[in-house]
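# Sequence and predicted structure below; questions after.
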Amino acid sequence: MTRLRLWLFVFCVIALGVCAPLGLATWLSREFAEQLFRQRVDQFTHRALQRVEAVARDALQAARDADAFSGPPCSQAHLDAMREADLRHRYARQITYLDHDQLLCASSSFPGALRSVEGQSQPWTALPELGGAFRVDAARQPPRAIQFRVGRHVAVVDAQFFIDLVPLDAFIRLGLIDTRTGAVVVAWGDTDIATLRHAWAGQLDGQVRQGRYLDVKASQQVPFAVVAYEPYDEVTGMWRHVLYVSVPVALLVSAVATWLMLRWGRSLRSPRHALLDAVRRKAFFAVYQPVMSLEDGRCVGAEALVRWRLPDGTVVLPDRFIPMAEAVGVIHAITTCVIETVLDNLGPHLAAHPALHVSINLSPDDIRAADTLPALGAALDRAGIRAEQVWIEVTERGFANDAQCQEMIAAFRKAGHPILIDDFGTGYSSLAYLQDLDVDGIKIDRAFVNSMTTDAPSKSVGPHIIGMARALGIRMVAEGIETEAQCQALQERGVQFGQGWLFGKAMPLAEFLAFWERHAAARVHA
């Protein structure tokens, strides 16, 4: 009996020594997975709320800029001022002028553009912290709009802009709630509207209902809240993944394992990690939109445009990730990856055809980086490509009040790279500012191209830009050409180059090279 008890005791100690760390590791892993899951969703919802408040502030500023006009209402100068305020703010769809809630005029002349303003009788809700007021389109039909008012001017914003951000994964869902009524203003595609309403009505932040983890956040600046939910069984997948790492390590030292998992978990939740991981995986690739000679219809080059391919195959457009990359300091790494890709793709063709060029967009961070120009020059030398075949497109931010950027831009020009201002007229500069810029050309924004063949108040802006560019003797590239009428109007005014859907959309390398072969010498249209 004594021996039996001894063996039983040894067995219990060994079992306890083996099972206790495993049990503790299993429990800790489950707790850690739940915390990681909750923090991940919470961080996403917090970013969504920041997006809502940023769009509201931008819309109110657009209305405030328009309301600063002091001339006669609805005069040509007034319409131009509203149009200018509209163009300066990315989220404003249009700006209107009201007199005792009666619509008198607006910045937009497109058919149906005023649907979200005309006939609206619901009262305005004051926004004391932001110095304005707002109301939601009562039509309840897509595309729904939200109006922001300062004085007698109203900025109209598509409701979809408030929740337009990159999802965490394929399962998370997001919606915007009007906290005054509890109604859902806008939501992602197949989001369950009843779940959003129930989560807000019951203030179910951080709770699980019907197998869904709910996250609710209300704004302190505007009467809106964001509600996100994700299937809670996603925690199981996270838990299983954590166990694969934590259980073996827990038998040796659980403290080290816990520290490593926390560190690993924090890195997985950061947008910076996701972008850097995409750079390492070479998930950023280039597509090419043809640049045409408007004089004879030849394809003379292409603009390289970046895309992000997610692991599931989804392709993300640059307006969804470039602002985030600039905010977290990853934009230069992405640009370096794109330049390498473009030169690998087009290098042999550029070397063989000196008249062919490719345009590459650089951010202010890229221009300020000391290694951008030397690395580009070395790559061109290796490939046998001339510097003048690589056009550099810079936004107007690259020239505004930044001496370092201006010095580096001058260095690019000295090295032989043509410098073009991208989307000229929509950012910091005025037309008078153009003569002071040390550039080789401008890209005329699609908004001005579109208005040239319409009766829009801004239809004279495009010809004015063209006239000044011709007087200065710099090259011009018109963006967003979609009709023959636009192409003819630009050609008659002396614009040398153009790009847009009339000629071809952005396309993969093989399609572009085939396009170029067809149009290297022949006219695109009669």
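Happy to help now that I have it. Quick caveat: nothing in here was measured; it's all calculated off a predicted structure.

# List phi and psi for Leu103.
The phi/psi pair for Leu103 (degrees, to the nearest 10) reads phi -70, psi 120.

# Thr96 is in contact with that one, correct?
Yes: between Leu103 and Thr96 there is a contact at 5.8 Å, judged by CB atoms under 8 Å. Placement of C-beta: from N, CA and C, glycine included.

# and the two? which has more neighbours close in?
Comparing Leu103 with Thr96 by other CB atoms under 10 Å, the one with more neighbours is Thr96, at 25 against 15.

# ok, that one - contacts?
Listed by CB atoms under 8 Å, 6 or more residues apart in numbering, the contact partners of Thr96 are 82, 103, 105-107, 114, 117, 153-154, 156.

# Also Ala520?
298-299, 353.

# Let's see that with 10 Å instead.
298-300, 353, 355-356 (CB atoms under 10 Å, 6 or more residues apart in numbering).

# Show me the shaky parts of the stretch 1-150 of the chain.
Judged by pLDDT under 70, the stretch 1-150 of the chain has its weakly predicted residues at 1-25, 27-28, 109-121, 138-143.

# Mind jotting down where the strands sit in it?
For the stretch 1-150 of the chain, the strands defined by DSSP state E, counting those that start in this stretch occupy 94-99, 102-106, 125-127, 132-136, 145-150.

# Dump those to TSV, plus distance to Thr454.
Listed next are these as TSV, based on distance: least, CB to CB, whole Å:
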stretch	distance to Thr454
strand 94-99	14
strand 102-106	14
strand 125-127	34
strand 132-136	29
strand 145-150	22
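
# and of those strands, who's closest to Glu53?
strand 125-127 (10.8 Å; CB to CB).

# rewinding a little: pick out whichever of the contacts of Ala520 sits closest to Arg368.
Leu356 (29.0 Å).

# is it true that the closest one touches Glu388?
No: assessed by CB atoms under 10 Å, Leu356 is found out of contact with Glu388, at 11.1 Å.

# Those two - which one has more neighbours?
With neighbours defined as other CB under 10 Å, Leu356 and Glu388 compare such that Leu356 has more, 19 against 13.

# got the contact list for that one?
For Leu356, the contact set (CB under 10 Å, 6+ apart) comprises 291, 299-302, 346, 349-350, 385, 389, 516, 520.

# bridging residues for Ile360?
Bridge pairing for Ile360 (DSSP bridges) gives the partners Ile392.

# hmm, I was thinking of Val186
Under the criterion used (DSSP bridges), Val186 bridges to Leu176.

# Could you report the pLDDT at it?
On pLDDT, Val186 comes in at 92.

# Also Ser363?
89.

# With Phe424 instead?
Confidence at Phe424, expressed as pLDDT, is 78.

# To Val342, which of the strands of the stretch 1-150 of the chain lies closest?
Closest among these, using CB to CB: strand 94-99, at 36.7 Å.

# List the buried residues of the closest one.
By neighbour count on 16 or more other CB atoms under 10 Å, the buried set for strand 94-99 is 94-98.

# shouldn't Ala369 be in contact with Ile339?
No: assessed by CB under 10 Å, Ala369 is found out of contact with Ile339, at 11.7 Å.

# out of those two, which sits in the busier spot?
For Ala369 versus Ile339, neighbours defined as other CB under 10 Å are more numerous around Ile339 (21 against 17).

# Tell me who's in contact with the more buried one.
Contacts of Ile339 by CB under 10 Å, 6+ apart are 286, 304, 358, 360, 362, 366, 372, 375-376, 379, 390.

# Kindly confirm my reading that it is in a strand.
No: using DSSP: H, G, I helix; E, B strand; the rest coil, the assignment for Ile339 is helix, not a strand.

# sorry, back to before: now for Leu356 and Glu388: what residues contact both?
Counting by CB under 10 Å, 6+ apart, Leu356 and Glu388 have no shared contacts at all.

# Now, the contacts of Leu356 that are in strands?
The members of the contacts of Leu356 that map onto strands under DSSP state E are 291, 299-302.

# related to what we said a few turns ago, shared neighbours of Ala369 and Ile339, anything?
Counting by CB under 10 Å, 6+ apart, the shared contacts of Ala369 and Ile339 are 362, 375.

# And the pLDDT at Ala447?
For Ala447, the predicted pLDDT is 87.

# Would you map the helices across this protein?
2-67, 76-88, 193-201, 234-268, 271-280, 318-328, 331-352, 364-368, 372-383, 403-415, 446-452, 461-472, 484-492, 509-519 (DSSP state H).

# Make a markdown table from those helices and add distance to Val439 to it.
Converted to a markdown table, those look like this (distance: least, CB to CB, whole Å):
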| stretch | distance to Val439 |
| --- | --- |
| helix 2-67 | 27 |
| helix 76-88 | 21 |
| helix 193-201 | 49 |
| helix 234-268 | 41 |
| helix 271-280 | 29 |
| helix 318-328 | 22 |
| helix 331-352 | 19 |
| helix 364-368 | 13 |
| helix 372-383 | 16 |
| helix 403-415 | 8 |
| helix 446-452 | 17 |
| helix 461-472 | 9 |
| helix 484-492 | 19 |
| helix 509-519 | 26 |
